[in-house]
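> sequence unavailable; structure follows:
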């Protein structure tokens, strides 16, 4: 069974701080890695994708991938209250066309 | 920005009834998906659809479920005889190039079976 694991949280950070979200996956054949943001009662929204080892930055977001450790992370710099949401890690690859999601980490940014 | 559109946003149905959930994918996308999310649980894959046929389905997608692309724009999920445990948010998604580049999700249909 291919799994994606995340700490469910909540992760509470003060406004302006860096939020660090982590994810591990079980399938070494995974090729593409995503972070989705999901507000309560809403659909997942793609915020970052990463395909190779290392860091990928997009504005306040940085995704990090370490395939040897089967580990993906998301850093959110200068966290804002509007970043409060559940962050879903999703993985795809091998011979499948589906995304496998983790349970998500709930982030709370307090003023 | 192009959107995936789902209707209805909320549907209440009696157990045993048939429901059809509708989706309009992004117009130039070729890959279509249905996922569901039971309240408080993971987003779960149901089925993927490409070139007018199912390319992959999960163990959840049993004989009670079917998908169809009846015309050039709509993509539907039918549940023939709903059960209480089918109550969930159902998300349609589409992609131009498959899962490798991620997908765009629709806003979802909340299905409540009573």
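Arrived safely. Note that the coordinates shown come from a computational prediction; the quantities given were computed from them, not determined experimentally. Residues are numbered from 1 along each chain as shown, chains lettered A, B, ... in the order given.
> could you use CA atoms for every contact and neighbour count after this?
Noted.
> mind listing what the nearest residue to residue A:37 once chain neighbours are set aside touches?
The spatial neighbour of residue A:37 that comes closest, neighbours along the chain excluded (Cα to Cα, 6 or more residues apart in numbering or on different chains), is residue A:87 at 4.6 Å. Going by Cα atoms under 8 Å, 6 or more residues apart in numbering or on different chains, residue A:87 touches A:21, A:35, A:36, A:37, A:38, A:104, A:105, A:106, A:107.
> do that again at 10 Å, thanks
A:6, A:8, A:21-22, A:35-39, A:44-47, A:74, A:102-107 (Cα atoms under 10 Å, 6 or more residues apart in numbering or on different chains).
> where's it relative to residue B:33, distance?
Separation of residue A:87 from residue B:33 (Cα to Cα, to the nearest Å): 21 Å.
> what do you get for residue B:16?
24 Å.
> higher neighbour count, those two?
Between residue B:16 and residue B:33, residue B:33 has the larger neighbour count (other Cα atoms under 10 Å in any protein chain shown), namely 32 against 14.
> that one - that's part of a strand, no?
Yes: applying DSSP: H, G, I helix; E, B strand; the rest coil, one finds residue B:33 inside a strand.
> what's the burial count for the residue nearest to it when sequence neighbours are not counted?
Excluding the flanking residues, the one nearest residue B:33 by Cα to Cα, 6+ apart is residue B:48, at 4.4 Å. Residue B:48: 25 surrounding residues under other Cα under 10 Å.
> show me what the strand or helix carrying residue B:20 is packed against.
Assigned by DSSP states H and E, residue B:20 belongs to strand B:19-24. When contacts are defined as 3 or more Cα pairs under 10 Å, 6 or more residues apart in numbering or on different chains; DSSP states H and E, strand B:19-24 packs onto strand B:5-7, strand B:10-13, strand B:31-37, strand B:65-68, strand B:75-79, strand B:88-95, strand B:109-113.
> what's next to the fourth one, contact-wise?
Strand B:65-68 is contacted by residues B:18-22, B:33-34, B:46-49, B:52-54, B:61, B:74-82 when judged by Cα under 10 Å, 6+ apart.
> ok, for the residue of chain A found nearest chain B, nearest residue in space, not its chain neighbours?
Nearest to chain B in chain A, going by Cα to the nearest Cα, is residue A:103, at a distance of 4.8 Å. Closest residue to residue A:103 in three dimensions, ignoring its sequence neighbours and counting by Cα to Cα, 6+ apart: residue B:42, at 4.8 Å.
> got it, and residue B:34?
Excluding its sequence neighbours, the residue lying closest to residue B:34 (Cα to Cα, 6+ apart) is residue B:92, at 4.6 Å.
> hang on, the earlier thing: ok, of the contacts of residue A:87, which come out buried?
For the contacts of residue A:87, a burial check counting by 16 or more other Cα atoms under 10 Å in any protein chain shown picks out A:6, A:21-22, A:35-38, A:44-46, A:74, A:102-107.
> which positions in chain A make contact with chain B?
Neighbours of chain B within chain A, by Cα under 10 Å from any Cα of the partner chain: A:30-36, A:41-46, A:48-51, A:88, A:90-94, A:96-104.
> what count of nearby residues applies to residue B:68?
Neighbours of residue B:68 (other Cα under 10 Å): 15.
> end-to-end on stretch B:9-17?
End-to-end for stretch B:9-17, by Cα to Cα: 18 Å.
> no more questions from me, cheers.
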